[in-house]
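Peer 1: A predicted structure for the sequence below; I have some questions about it.
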Amino acid sequence: MNFVSGTYRNGTVELNEPVDWPEGTQVDVVHSAADAGGQEQQDFLGDGSPYPTTRAGLDELLSRMEQIQPFELSDEEAVEFEERLDSWRAEQKELARGEADKLDASP
């Protein structure tokens, strides 16, 4: 999936960058919920997919996060990378748990 952002004007979506898609290519347009006033935007993951909004989706994301492995690094780089990754994972897990708690509390 290719992710390209753009702006809706005069009944069309103007993409922010050129694409080389064949004429007639089907696309999905997702409203980001942001406006000129800076309203909250929908969160997207690095692959362009929307951030999970269900408990099962969050659990699956956390499971994928646990499987992230570093590239080939020197021993020193690997130690530093693992320390930073562990810190980042802990931070993201807490954020995800907070979101899951909100979902559990909603009707």
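Peer 2: Cool, got the structure. Numbering: from 1, shown residues only.
Peer 1: can you give me the helices for this structure?
Peer 2: Here the chain has its helices, by DSSP state H, at 55-66, 75-105.
Peer 1: give me the residues contacting the first one.
Peer 2: Contacts of helix 55-66 with the rest of the structure, by Cβ atoms under 8 Å, 6 or more residues apart in numbering, involve Leu45, Tyr51, Pro52, Arg89, Gln92, Lys93, Ala96, Glu99, Ala100, Leu103, Asp104. C-beta: built from backbone N, CA, C; applies to glycine.
Peer 1: what residues are up against the last one?
Peer 2: Pointing back at Asp104 there. Arg55.
Peer 1: for the fourth one, same thing?
Peer 2: Residues in contact with Arg89 (Cβ under 8 Å, 6+ apart) are Met65, Glu66, Ile68.
Peer 1: the third one now?
Peer 2: With Cβ under 8 Å, 6+ apart as the criterion, the residues that contact Pro52 are Leu58, Glu60, Leu61.
Peer 1: which one of the residues you listed is nearest Ser74?
Peer 2: Relative to Ser74, the closest of the contacts of Pro52 is Leu61; by Cβ to Cβ it sits at 30.0 Å.
Peer 1: need the pLDDT of Thr54.
Peer 2: What the model reports for Thr54 is a pLDDT of 85.
Peer 1: what separation is there between it and Val19?
Peer 2: Going from Thr54 to Val19 by Cβ to Cβ, to the nearest Å gives 31 Å.
Peer 1: tell me the centre residue of this structure?
Peer 2: Centroid-nearest residue in the chain, with Cα atoms, centre = their mean: Leu45, separated by 1.3 Å.
Peer 1: does that residue touch Phe3 like I think?
Peer 2: No: using Cβ atoms under 8 Å, Leu45 makes no contact with Phe3, being 10.1 Å away.
Peer 1: thank you, goodbye.
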